[in-house]
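Asker: show me how the following folds:
(chains A and B)
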Amino acid sequence: MVNKKEKIIESILMLCATVSVLTTIGILWVLISESSSFFSKVSIKDFLTDTQWTPLFAEKHFGILPLISGTLLTTFIAILIALPTGLSIAIYLNEYAPKRFRKIVKPLLEVLAAIPTVVYGYFALMVVTPFLQKFIPDMAGFNALSPGIVMGIMIIPIISSLSEDALYSVPKALREASYGMGATRLQTSFKVLVPAATSGITVSIILAISRAIGETMIVAIAAGQQPRLTLNPLVPIETITTYIVQVSLGDVVQGSLEYQTIFAAGIALFVLTFILNNISYFIKKKFQEKYE
Amino acid sequence: MVKDNNMGKLHAEKVNVYYGDHHIIKDVNLSIQENTVTAFIGPSGCGKSTFLRLLNRMNDYIENFRKTGDILIDGNDIYDKKVRVEELRKRVGMVFQKPNPFPKTIYENVVYGLRIQGIKDKSKLDKVVEDSLKQVALWNEVKDKLHQSALALSGGQQQRLCIARTIAVEPTIILMDEPASALDPISSAKIEDLISELKEKFTIIIVTHNMQQASRVSDKTAFFYLGELVEYGATDQIFTKPVKELTQNYITGRFG
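Answerer: Have a look, this model is predicted:
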């Protein structure tokens, strides 16, 4: 009787696991099969080297570079905001804040990640952009800077939370060794704790980058939808994700070349995040070996 | 307070420590002379480690920590508001129970204290590394791998490295919290030899559970029990003819 029950539960659990694996395989299969028919019409070389992305225009170009540059530009701005802020918060919470304060503030910070991204998007468009335009009159209404900044705010808790965990797990003995030598808290943080927690902090940064690269709504709302190969943060650009949204919402014919471009863009996005996740997995593994 | 020769290098007067409601150290008075080795002995939880950590203010960051009474080093109150705790710790170094080298190279471990003081002169740093490692008899073993990770050393070597790191900043007092208890007997013996040599230059206070070790390395011994300093005197006297019955019972192993 008990055995039978065990068997049933086991198969249910097995089923759940299988579903998630099958979903991943399914997505990959659709991405690859759809984009393979895209790549039979557009050469991979053009896709990777052409500097224009105009699949919806009369004169079609299929260079992914403008989308990648848009993605990397907004991501870069986001990290520029999130890394120093997130790391400072992590160091403050870990080294300076009273225990009780830390207990309250850490979950509060994580609320930042729970705000719907559409809210962030409008915040970027309606608040941050007009505010920045006061200082930078040349800035366009749609641009990479303001969604980049807002995205940075959104990913602060990823960096602060995970980095704080990493700092927290540095053995107390190292901290005491440093204090015992006459180091201040700041010196201890930067000379001992941060170096010892480098791997954990790096993982947090990579996860934050992944999150920023995959972020869609904020950039779709506030960055404009003009694929442009540029590093200028003041003009409209388009990210990979935004392009996918744009086409998915529009009325392109299913099965057409235009339709297939979103799978090609999807593959590019997938490859980017896949590489980053693997790097973070690799670092995490190395990190665990070091401390055991 | 004016310096009085009877007070010695370090003088504690009516020291009490509380963690919240717990009364950890009770009315301890103690004077320690320069260039001696003093052993703190007593059963676990008797307050000897807490008292040791008072001397370089390592308890400062513990929540609910409270202290009354005075601790003077060279006649100056180390808990005075004007004292910078970092300066104090440069003068009162500490070696911990478990070897705790930084995950850096051997060289960087030794110069850590100098680097945080902002010393950059390479020839000076090199010299300090060589001198410090020679003093702890580690130089010959590691001189060819100074730029390799300190974590690759054996436990005993790591502990000697930690002592080298401590003496590199030239403290006058070195506190040792059971420095040999995590080591094998041979490494432990090396640490004991080292303590006898370091006495020439430093005032050493060592907490130990190991009675033989206390009797071998120390000049004076302080026996703590339940937060009180039960007996304090010359090590020979404490171990051969203690005054208090409690001390007698402890050193003969009747409790502990």
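
Asker: please list the residues outside stretch A:153-166 that contact it.
Answerer: Counting by Cβ atoms under 8 Å, 6 or more residues apart in numbering or on different chains, stretch A:153-166 makes contact with A:78-79, A:81-83, A:85-87, A:89-90, A:93-94, A:106, A:109-113, A:115, A:117, A:120, A:197, A:199-201, A:203-205, A:207-208, A:211-212, A:215, A:218, all of which sit outside it. Where C-beta positions appear, they are placed from N, C-alpha and C, glycine not excepted.

Asker: from these, which would you call buried?
Answerer: With neighbours counted by 16 or more other Cβ atoms under 10 Å in any protein chain shown, the contacts of stretch A:153-166 contain buried members at A:78-79, A:81-83, A:85-87, A:89-90, A:93-94, A:106, A:109, A:112, A:117, A:120, A:197, A:199-201, A:203-205, A:207-208, A:211-212, A:215, A:218.

Asker: my guess is A:V192 meets B:F102, correct?
Answerer: Yes. If you go by Cβ atoms under 8 Å, A:V192 and B:F102 touch, sitting 6.0 Å apart.

Asker: any shared contact partners between those two?
Answerer: Joint contacts of A:V192 and B:F102 (Cβ under 8 Å, 6+ apart) are A:L174, A:A177, A:S178.

Asker: nearest residue to the residue in the stretch 1-150 of chain A that chain B sits nearest to other than its sequence neighbours?
Answerer: The nearest approach of the stretch 1-150 of chain A to chain B comes at A:K99, 6.7 Å away (Cβ to the nearest Cβ). Closest residue to A:K99 in three dimensions, ignoring its sequence neighbours and counting by Cβ to Cβ, 6 or more residues apart in numbering or on different chains: B:E63, at 6.7 Å.

Asker: rewinding a little: number of nearby residues for the residue of the stretch 1-150 of chain A closest to chain B?
Answerer: 8 (other Cβ atoms under 10 Å in any protein chain shown).

Asker: same check, this time on the one 4 residues further on
Answerer: Close neighbours of A:K103, defined as other Cβ under 10 Å, add up to 11.

Asker: list the beta-bridge partners for the most centrally placed residue in chain B.
Answerer: The residue lying closest to the centre of chain B (Cα atoms, centre = their mean) is B:L175, at 1.2 Å. Here B:L175 sits in beta bridges with B:M94, B:I205, going by DSSP bridges.

Asker: contact partners for it?
Answerer: B:L175 neighbours (Cβ under 8 Å, 6+ apart): B:L52, B:R53, B:L55, B:N56, B:V92, B:G93, B:M94, B:V95, B:I205, B:I206.

Asker: those residues into TSV, with extra columns for neighbour count, distance to A:I275 and pLDDT?
Answerer: Converted to TSV, the contacts of B:L175 look like this (neighbours: other Cβ atoms under 10 Å in any protein chain shown; distance: Cβ to Cβ, whole Å; pLDDT from 0 to 100):
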residue	neighbour count	distance to A:I275	pLDDT
B:L52	20	52	95
B:R53	21	48	94
B:L55	20	53	95
B:N56	25	48	93
B:V92	24	51	96
B:G93	27	47	95
B:M94	25	46	96
B:V95	26	46	96
B:I205	28	55	96
B:I206	26	54	96
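
Asker: next, format those as TSV and append distance to B:I238.
Answerer: TSV is the format used below for the contacts of B:L175 (distance: Cβ to Cβ, whole Å):
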residue	distance to B:I238
B:L52	18
B:R53	23
B:L55	20
B:N56	25
B:V92	24
B:G93	26
B:M94	24
B:V95	23
B:I205	15
B:I206	14
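
Asker: fine, thanks again, bye for now.
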